[in-house]
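In: okay, structure incoming, though there's no sequence with it:
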């Protein structure tokens, strides 16, 4: 008799959804992320930080990564064994890459744009960008929950 055994350290939750590259799709990404994290029992702190990160990455995918007729993808992976949430937003524009602020650079308080990734950097442990074949990119942010929360 064959029995499958769960893997130790397997993520408790994985969520992936294709969304339209519109403002409505970006808003829906934020709402779906919050709903999913609450259903997984994620802490309020993690859920609130993830909501802001998803909102920013989804908005960037819609504003800067949009290709007519193509969607963007939201992926959430929660691994409670290491208290870590990975957020991935993939879009169809691989030619435009997000640029982090140079180290030790203070954002201009009067600047009206380019603050989004500074917000992501402040809320996430780290973020990066990887190619998403055949022609897109994935921006990934990792958030951790402090022990005991």
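Out: Arrived safely. Just so we're clear, the structure is a prediction, and the values are computed from it rather than from any experiment.

In: would you mark the buried spots in stretch 135-149?
Out: In terms of neighbour count (16 or more other Cβ atoms under 10 Å), stretch 135-149 has its buried residues at 136-143, 145. Where C-beta positions appear, they are placed from N, C-alpha and C, glycine not excepted.

In: mind listing the strands for the chain?
Out: 13-19, 72-79, 84-91, 126-132, 136-144 (DSSP state E).

In: identify the residues contacting residue 58.
Out: With contacts defined as Cβ atoms under 8 Å, 6 or more residues apart in numbering, residue 58 is in contact with 19, 25-26, 29-30, 72, 74, 89.

In: try it again at 7 Å.
Out: 26, 29-30, 72, 74, 89 (Cβ atoms under 7 Å, 6 or more residues apart in numbering).

In: and the residues you listed, which two are furthest apart?
Out: 30 and 72 (12.7 Å; Cβ to Cβ).

In: those two: which is more packed in?
Out: residue 72 (29 against 20; other Cβ atoms under 10 Å).

In: for stretch 80-96, give the mean pLDDT please.
Out: The average pLDDT within stretch 80-96 is 86.

In: where's that stretch relative to the chain centroid, distance-wise?
Out: 5 Å (Cα atoms, centre = their mean, to the nearest Å).
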